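1. Any chance you could fold what I've pasted below:
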Amino acid sequence: QVQLVESGGGLVQAGGSLRLSCAVSGGTFSSYTMGWFRRAPGKEREFVAAISRSGGTTYYADSVKGRFTISRDNAENTVYLQMNSLKPEDTAVYYCAADRKIRIPAMTTYAYEYWGQGTQVTVSS
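-> Numbering: from 1, shown residues only. From the prediction side, this is the model:
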């Protein structure tokens, strides 16, 4: 049973930073493409960023490009999302996802097999 557990969310002022983590257990982490998604109140879940199995290739939504960085540590079975220059519109529940078949850009929500429970990020103005 593959489990994904996000952490690192919280309340931050606009312009601030947060680092989200997603720990994966129960599977071979290095075989998964990993993605971050978010769902803002009243909106559908949307793609944020994805990273290839080796970590050598990444892809970002235009709305976060240049501000967010996705990375992974295959020795620690963890994927990260460093979020800088946060804006109020970044407020959402952030989810990590994993899949063995999907390849970068890996933007499609329904293509991911495994999901975490989400962590709340709130950016105040």
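
2. so what's residue 17 up against?
-> Going by CB atoms under 8 Å, 6 or more residues apart in numbering, residue 17 touches 82-86. In this view, the C-beta of every residue, glycine as well, is placed from N, C-alpha and C.

3. one more time with 6 Å
-> Residue 17 makes contacts with residue 84, as judged by CB atoms under 6 Å, 6 or more residues apart in numbering.

4. Please apply the same query to the one 10 residues further on.
-> Listed by CB under 6 Å, 6+ apart, the contact partners of residue 27 are residue 2.

5. and if you look at residue 39?
-> 45, 92-93.

6. Which residue, neighbours along the chain excluded, lies closest to it?
-> Spatial nearest neighbour of residue 39, excluding adjacent residues (CB to CB, 6 or more residues apart in numbering): residue 45 at 4.4 Å.

7. export stretch 27-35 as PDB, just CAs?
-> Output of stretch 27-35 as PDB, limited to C-alpha atoms (Å, rounded to 0.1, in the frame of the first residue of the first chain):
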ATOM      1  CA  GLY A  27       6.500   1.600  -2.800                       C
ATOM      2  CA  THR A  28       9.700   2.100  -4.800                       C
ATOM      3  CA  PHE A  29       9.900   5.900  -4.700                       C
ATOM      4  CA  SER A  30      12.400   6.200  -7.500                       C
ATOM      5  CA  SER A  31      10.000   4.600  -9.900                       C
ATOM      6  CA  TYR A  32       7.400   7.300  -9.500                       C
ATOM      7  CA  THR A  33       6.900  10.500 -11.300                       C
ATOM      8  CA  MET A  34       5.800  13.000  -8.600                       C
ATOM      9  CA  GLY A  35       3.500  15.900  -8.900                       C
END
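
8. Number of residues surrounding the closest residue to residue 29 other than its chain neighbours?
-> Of all residues not flanking residue 29 in the chain, residue 77 sits nearest, at 4.1 Å (CB to CB, 6+ apart). Residue 77: 17 surrounding residues under other CB atoms under 10 Å.

9. Residue 77 touches residue 26, doesn't it?
-> No: contact criterion CB atoms under 6 Å: residue 77 and residue 26 do not qualify, at 9.6 Å.
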